[in-house]
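**Student:** Next comes the sequence, and after it the predicted model I'd like to discuss.
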Amino acid sequence: QVQLVESGGGLVQAGDSLRLSCAASGRTFTNYAIAWFRQATGKEREFVAAISRAGNTYYADSVKGRFTISRDNAKNTVDLQMNSLKPEDTAVYYCAAKNWAFSTRSNEYNYWGQGTQVTVSS
């Protein structure tokens with residue numbers, strides 16, 4: 001069992017930056033790939049970024065070059081640095097964990113946080 005808690009969401013203006021953090025507790029953190037997903041009102045949950053157990057990173061095309069995912073295995077945290085935010089980035093952001101290899105498919109993730117709201121005004 002892994003427990004995930006997101007933090008760092010808020011209301012910002014277009015062009016601003018925001019840093020989300022996902023704190024994990026429970027089983028060995030290094031066994032898990034971690035991903036960020038987001039869900040805007042009325043839309044399906046979509047993949048944003050993921051980091052493998054080895055630290056390799058993967059991004060959705062919509063955020064590539066603007067978002068950076070990183071992990072600190074000593075602190076059991078995964079951060080998502082979001083720069084040049086756009087109104088279309090507005091959503092609830094969730095971190096998720098799965099054993100071994102990462103995936104862009106939300107239904108392959110076993111553990112989820114409660115989500116944190118990010119709102120970007122124009």
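**Tutor:** That came in fine, so what should we check first? Numbers count the residues shown, from 1 in each chain.
**Student:** residues in contact with the residue nearest the centre of the chain?
**Tutor:** The centre of the chain sits closest to Trp36, judged by Cα atoms, centre = their mean, with a distance of 2.3 Å. Trp36 makes contact with Leu20, Cys22, Val48, Ala49, Ala50, Ile69, Val78, Leu80, Tyr93, Tyr94, Cys95, Ala96, according to Cβ atoms under 8 Å, 6 or more residues apart in numbering. C-betas here are computed from N, CA, C, even on glycine.
**Student:** Most neighbours among those residues, please name it.
**Tutor:** The most crowded member of those is Cys95, carrying 30 neighbours; neighbours defined as other Cβ atoms under 10 Å.
**Student:** Which pLDDT does the model give the nearest residue to that residue once chain neighbours are set aside?
**Tutor:** In this structure, Cys95 finds its nearest non-sequential neighbour in Cys22, 3.4 Å apart by Cβ to Cβ, 6 or more residues apart in numbering. As summarised for this prediction, Cys22 has a pLDDT of 97.
**Student:** Please look at Cys22 and Gly113 and confirm they touch.
**Tutor:** Yes. Cys22 is in contact with Gly113 according to Cβ atoms under 8 Å; the separation is 6.2 Å.
**Student:** how far away is Leu18 from Gln81?
**Tutor:** Between Leu18 and Gln81 the computed distance is 8 Å (Cβ to Cβ, to the nearest Å).
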